[in-house]
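In: Sequence plus the predicted model coming up.
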Amino acid sequence: MRKLYIFLFLLFFVVPVSLYSQTDEIEITAQAILARVDNIMKYPEGEMRGRIKHISPDGKSYTVDFIGSIARTDFLFSFSNKSRGEELKVLYKMSGEDVWVYNNHALKLFHKMGIDKYDSLFATNFNLTDFSNSDFQNNYNARITGESLIKGVECYKLDLVPVFQGSEYGLVTLYASKDKYLPMRIDYHDRDKVVFKFLSLSRTMEKGDSLIPIRYDMLNIRNGTVTILNFIKFDEAVTFRSDIFRPETLGE
C-alpha cells in the first residue's frame, strides 16, 4: 500500500512539475536567442558610413549613401545622393522606438508614429522600422517552432508575434544560426500571415570575438526588387554633441 501511495504522489505531483519546467525552459530559450540576435544586429557606437542600392527586375538601380551617428540609445542618419545632395535626416530615439524624419528639400519635420513608422525608406524594400534596428525583444513575443538549414547553416526557427497592434507585420519568422546566433534570414509576413519580403545576411566582419553584419539583402517577393544594404566604414573614435539628437535641431 505504501508503494502505491508513493507511485500516486510521483504521478500527480512530480511529473506535472517536470512538464511545466520544460515549457518554461523553451520560452526562456526563445527569448535568449532573440536577445543574442538583437545584440548582433545592434549598431556599433560611433560613426558609420554605408550605401543602399535598390535594384528593379529590369536591372535598373539607384543608390543612396548615408552617414550614421550612433550613440547608446540614439541614432541619427543623413541620407544623400550625388545628384540631389543631402535629402533626408532620420533620427531614432529610445533605441529606435521613437522616429523623427526631416526632409531637407521640403524643410519639414515629421514625427513618425503608428503605421507611419513603416513608411518606405527612399522607395526601397527597407522601411523606417527595419532600418531602426529596434529590439525584437521589445516588440515581439518569440517561440521556437523548429529547425532549418539556411545557406548550409543549421538554424533555429522562431516565430515572432507583434506585441503591439498597428504593425505592418502580422508575423516575423527569424532563422538564427545555432552556433553564433547570426540572423541568417528574416521573413516578414503581412497581416494575413503571407510572406511578402525577406532579409538575408550576406556578409559579416570579425571584430575581436564578435561578428558584425556588414551586408544585408532585402528581397520583395511581390515586385521582384532587391535592396542591398552595405555598411562600409566604422569609426568608434568619433564623438558627438548631445544636441544633434534633438528633433528640433534637425533642420539646422
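Out: The structure has been received and is ready for your questions.
In: for Tyr62, what are its contacts?
Out: 53-54, 81 (C-beta atoms under 8 Å, 6 or more residues apart in numbering). (Glycine included, C-beta is placed from N, CA and C.)
In: what's the spacing between it and Lys89?
Out: The gap separating Tyr62 from Lys89 is 19 Å, by C-beta to C-beta, to the nearest Å.
In: now the helices: where do they sit in the stretch 51-200 of the chain?
Out: 128-132, 136-139 (DSSP state H, counting those that start in this stretch).
In: what separates the last one from the chain centre, distance-wise?
Out: The offset between the C-alpha centroid of helix 136-139 and the centroid of the whole chain comes to 9 Å, using C-alpha atoms, centre = their mean, to the nearest Å.
In: Show me what it is packed against.
Out: Packed against helix 136-139 by the contact rule (3 or more C-beta pairs under 8 Å, 6 or more residues apart in numbering; DSSP states H and E) you find helix 15-41.
In: Quick check: bridge partners of the nearest residue to Leu199 once chain neighbours are set aside?
Out: Distance criterion C-beta to C-beta, 6 or more residues apart in numbering; nearest residue to Leu199, sequence neighbours excluded, is Ile186 at 4.3 Å. On the basis of DSSP bridges, Ile186 is bridged to Leu174, Leu199.
In: Tell me who's in contact with Ile186.
Out: 172-175, 198-199.
In: Relative to Asp58, which of the residues you listed is nearest.
Out: Phe198 (21.3 Å; C-beta to C-beta).
In: In a strand, Glu248, correct?
Out: No: under DSSP: H, G, I helix; E, B strand; the rest coil, Glu248 falls outside any strand and is assigned helix.
In: tell me the pLDDT at the closest residue to Ala142 other than its chain neighbours?
Out: Distances taken as C-beta to C-beta, 6+ apart put Ala30 closest to Ala142, at 4.3 Å, once the chain neighbours are dropped. Here, the pLDDT recorded for Ala30 equals 93.
In: Now do the residue nearest to Arg191 when sequence neighbours are not counted against Tyr118, distance only.
Out: Nearest non-adjacent residue to Arg191, counting by C-beta to C-beta, 6+ apart: Gly170, 4.1 Å away. Relative to Tyr118, Gly170 is positioned 12 Å away (criterion: C-beta to C-beta).
In: ok, Asp65 touching Ser78?
Out: No: using C-beta atoms under 8 Å, Asp65 makes no contact with Ser78, being 9.0 Å away.
In: Who are the contact partners of Ala30?
Out: Ala30 neighbours (C-beta under 8 Å, 6+ apart): 142-144, 158.
In: all strands of the stretch 1-150 of the chain, in order?
Out: For the stretch 1-150 of the chain, the strands defined by DSSP state E, counting those that start in this stretch cover 46-55, 61-70, 75-81, 85-93, 98-103, 108-112, 140-150.
In: Isn't Asn127 up against Tyr169?
Out: No: using C-beta under 8 Å, Asn127 is not in contact with Tyr169, being 9.9 Å away.
In: So for Arg246, what's the pLDDT?
Out: Per-residue pLDDT puts Arg246 at 97.
In: Pull the number of nearby residues for it.
Out: By other C-beta atoms under 10 Å, 15 other residues sit near Arg246.
In: which phi and psi does it have?
Out: The phi and psi values for Arg246, taken as degrees, to the nearest 10, are phi -100, psi 130.
In: That one and Leu91: what is the separation?
Out: For Arg246, the distance to Leu91 equals 8 Å [C-beta to C-beta].
In: Same question for Val64.
Out: In terms of C-beta to C-beta, Val64 sits 17 Å off from Leu91.
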